[in-house]
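K.L.:
how would this look folded up:
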Amino acid sequence: MENERRVITHNSIDDLVLTRTHLLSLYNEIATHPPQVGDAGMPELLQRFCESLIDYTAAAHFKLYQYFDEKRERRKSVIDVAEKAFPRISQCTDHILEFNDKYDHPELIHDSNELASLRTDLSNLGETLADRIELEDKVIRAMVG
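P.N.:
Presented below is the predicted three-dimensional model:
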């Protein structure tokens with residue numbers, strides 16, 4: 001039974017990391033080729049990125065955080081790490097959702113001011129994602145350690 005739980009946990013973590021890797025690949029693509037006014041590919045790329053952002057956020061919730069919400073973790077050391085990380089992770093989630101709400105309809109971006117705002121917001125989101133990933137990795141290391 002214990003071994004089966006560990007396999008399920010490792011598979012959930014692997015799924016989360018795969019989803020996260022896809023998101024980071026899209027982030028890299030959009031950050032290294034910033035959208036320009038009139039860029040026909042920008043709405044589609046930004047839409048894919050927003051979808052990936054939500055997929056990652058949902059995967060993290062259902063593959064990692066829900067595990068703790070349901071009190072399935074019994075190791076105190078792991079619970080302690082999670083309890084320290086989750087408030088900040090929650091703040092990161094709020095920022096991710098705000099970004100998605102703002103840019104989920106990229107066809108509405110029409111001028112250079114809106115694109116400048118997007119670039120700034122992408123930079124800020126990158127910092128948020130880095131913070132969240134660092135915190136998630138602490139929880140993951142505690143779980144598999």
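K.L.:
by mean pLDDT, flag the weakest helix or strand of this structure.
P.N.:
Comparing every helix and strand of the chain by mean pLDDT, DSSP states H and E singles out helix 66-69 as the least confident one, with a mean of 84.
K.L.:
quick one: buried residues of it?
P.N.:
Within helix 66-69, the residues that qualify as buried by neighbour count (16 or more other C-beta atoms under 10 Å) are 67-68. No exception for glycine: its C-beta is placed from N, CA and C like everyone else's.
K.L.:
and it, how far from the chain's centre?
P.N.:
What separates the centre of helix 66-69 from the centre of its chain is 17 Å, taken as C-alpha atoms, centre = their mean, to the nearest Å.
K.L.:
same question for stretch 57-71.
P.N.:
With C-alpha atoms, centre = their mean as the basis, the distance from the averaged C-alpha position of stretch 57-71 to the chain average is 13 Å.
K.L.:
kindly report the same for stretch 96-110.
P.N.:
Counting by C-alpha atoms, centre = their mean, stretch 96-110 is centred 16 Å from the centre of its parent chain.
K.L.:
could you do stretch 124-139 as well?
P.N.:
8 Å.
K.L.:
related to what we said a few turns ago, and the helix or strand just after the least confident helix or strand of the chain, what does it pack against?
P.N.:
From helix 66-69 onward toward the C-terminus, using DSSP states H and E, the following helix or strand is helix 76-103. Helices and strands touching helix 76-103, by 3 or more C-beta pairs under 8 Å, 6 or more residues apart in numbering; DSSP states H and E, are helix 42-60, helix 66-69, helix 112-144.
K.L.:
tell me which of those helices sits most buried.
P.N.:
Of all the helices and strands packed on helix 76-103, helix 42-60 has the most neighbours on average by mean count of other C-beta atoms under 10 Å, namely a mean of 18.
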